[in-house]
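Engineer: what's the 3D shape of this:
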Amino acid sequence: MSEAIEQFDCFKGSCAVLVAGGGPAGTAHEAAGRVRRRLLAWHDQFSRFTPTSELSRLNSDPRRVVPVSPTMARFVATALGAAEATGGLVDPTLVDDLENAGYRHDLSWESLPLSRALLLAPARAAAHPSAAGAWAEIEVDRSARTVSRPPGVRLDSGGIFKGLCGDMLAGILARHVSFAVDAAGDVRFGGAAGWRRPVRVTSPFDGSLMHVFELVHGAAATSGIGRRSWLGADGRPAHHLLDPATGRPAFTGIVQVTALAPTGVEAEIRSKAALLSGPSGAADWLVDGGVVVLDDGALQVVEPSAALVGGSVVELAA
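Structural biologist: Numbers count the residues shown, from 1 in each chain. Sure, this is the predicted structure:
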C-alpha cells in the first residue's frame, strides 16, 4: 500500500507527514494535508522569533497571571513536566541565556562545522541543573487556561513542543493503517496495522547513515550540537543546547543523541538529557533504546525495547 506524503519547511527545518489508509481524519491524502496545516499553524503560534505569536505575547506580557489557549496551557504543563522529570536539566526558561549566547534570531540554516567547533570548544564536562531554575516558579492551570509566572520569565518551545505535536497528532492518526509525523527531526509513528517503519540515524559530521532501527509504534528524537551552531561574540563556539548551571552551550563529550520512546515528548526529553549528561550518564536515559555519537565519531547503540518492535515488515517510503 502506498502512502500519501506531504513535505514542507516548518519548525526551523524540513518536515514530513506520511499516512497510509483512510481513517477518522479522512482519506490518507486528506489526513496528511490536515496534519500539514495544523503543524504550520502551531509553528506560527509557538515561534519565539515571531513577535505576534502566542508564545511571544506570553513571554512579553507584564501580568503575573496570563490567559492562554488550551494548546499553550498543555505545552507549558508538558515543559514543566520535562524539567521536573530531569531535575531541571531540561529547562525551558533559558531564553535569556540563549540570546546572550547569540541565538537571537532564526539560525535554522547556519552551522559552524562540527569539527571546528570541537577544536575550539572548552574542556568537556557534563551539564547540571541550575540551583535557582526559574521553571520552578511557573504554574499552569489547564482548566482555567492560565499560566502564572514572575513577569520576565520567558519560555522557549524548542524540541519539547515538537515532541508534543507528534503526540497530539498521533491521536488523530492512530486508526489509519500507518502514519509518521516528522517534525524537523522529531518523529512520531504508528498506525492500526502494526507495520514496521525504518528510523534512520545519520552522522552529525558528514550526514552518512550510521544506524537503522525498525520500529512499529513510538517516537524518535535527535538532539545534537552539529546544527544551529555559531561563533559567539567572544570567538567561542556556541550552540542551542545549554548547561542550565552555567547558561553556556554545553560541550559534554557527546555531539548527538537519538532517543527512542513510546511518546514524542519522552523521546525529546531523553535525547536532551542524555546529551547533557555526557558519556558516563547518557545510557541511563535511553531505556527504550537509542544512539549516542561521541566527539570522536564513536557510536554507542542501545537496542530498542520490545515494546517498540514487532509487527509485519512492510516497505514504506521514507
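Engineer: C-alpha from now on. contacts and neighbour counts both.
Structural biologist: Fine.
Engineer: Enumerate the positions of the host helix or strand of Gly166 that are buried.
Structural biologist: Secondary structure from DSSP states H and E places Gly166 in helix 158-173. Applying a neighbour-count criterion of 16 or more other CA atoms under 10 Å, one finds 158-167, 169-170, 173 buried in helix 158-173.
Engineer: can you check stretch 295-302 too?
Structural biologist: Asp295, Leu299, Val302.
Engineer: residues in contact with Val95?
Structural biologist: With contact taken as CA atoms under 8 Å, 6 or more residues apart in numbering, Val95 is in contact with Arg154, Leu155, Asp156.
Engineer: need the helices for the stretch 151-300 of the chain, in chain order.
Structural biologist: Counting by DSSP state H, counting those that start in this stretch, the stretch 151-300 of the chain has these helices, from start to end: 158-173, 264-277.
Engineer: For my notes, please list these in CSV and give distance to Gly190 and mean pLDDT for each entry.
Structural biologist: Rendered in CSV, the data for those read as follows (distance: least, CA to CA, whole Å; pLDDT from 0 to 100):
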stretch, distance to Gly190, mean pLDDT
helix 158-173, 8, 95
helix 264-277, 12, 98
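Engineer: So which of those helices is nearest Thr146?
Structural biologist: Thr146 lies closest to helix 158-173 among these, at 17.9 Å (CA to CA).
Engineer: Export that closest one to PDB, keeping only CA atoms.
Structural biologist: The C-alpha trace of helix 158-173 is given here as PDB (Å, rounded to 0.1, in the frame of the first residue of the first chain):
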ATOM      1  CA  GLY A 158      12.100  24.200  21.400                       C
ATOM      2  CA  GLY A 159      12.100  20.400  20.900                       C
ATOM      3  CA  ILE A 160       9.600  19.700  23.700                       C
ATOM      4  CA  PHE A 161       6.800  21.300  21.600                       C
ATOM      5  CA  LYS A 162       7.800  19.300  18.500                       C
ATOM      6  CA  GLY A 163       7.500  16.100  20.500                       C
ATOM      7  CA  LEU A 164       4.200  17.200  21.900                       C
ATOM      8  CA  CYS A 165       3.000  18.000  18.300                       C
ATOM      9  CA  GLY A 166       3.700  14.400  17.300                       C
ATOM     10  CA  ASP A 167       1.800  13.100  20.300                       C
ATOM     11  CA  MET A 168      -1.200  15.200  19.700                       C
ATOM     12  CA  LEU A 169      -1.300  14.200  16.100                       C
ATOM     13  CA  ALA A 170      -0.900  10.500  16.900                       C
ATOM     14  CA  GLY A 171      -4.400  10.700  18.500                       C
ATOM     15  CA  ILE A 172      -5.800  11.900  15.100                       C
ATOM     16  CA  LEU A 173      -3.900   9.300  13.000                       C
END
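Engineer: quick one: stretch 113-122 to chain centroid distance?
Structural biologist: Distance of stretch 113-122 from the chain centroid (CA atoms, centre = their mean, to the nearest Å) equals 23 Å.
Engineer: How about exporting it as PDB, limited to the C-alpha atoms?
Structural biologist: Extracted as PDB, the C-alpha positions of stretch 113-122 are listed here (Å, rounded to 0.1, in the frame of the first residue of the first chain):
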ATOM      1  CA  PRO A 113      31.500  23.000  11.000                       C
ATOM      2  CA  LEU A 114      31.300  20.500  13.900                       C
ATOM      3  CA  SER A 115      35.000  19.500  13.700                       C
ATOM      4  CA  ARG A 116      36.000  23.200  14.000                       C
ATOM      5  CA  ALA A 117      33.600  23.800  16.900                       C
ATOM      6  CA  LEU A 118      35.000  20.800  18.800                       C
ATOM      7  CA  LEU A 119      38.600  22.100  18.300                       C
ATOM      8  CA  LEU A 120      37.700  25.500  19.700                       C
ATOM      9  CA  ALA A 121      35.400  24.100  22.500                       C
ATOM     10  CA  PRO A 122      36.200  24.200  26.200                       C
END
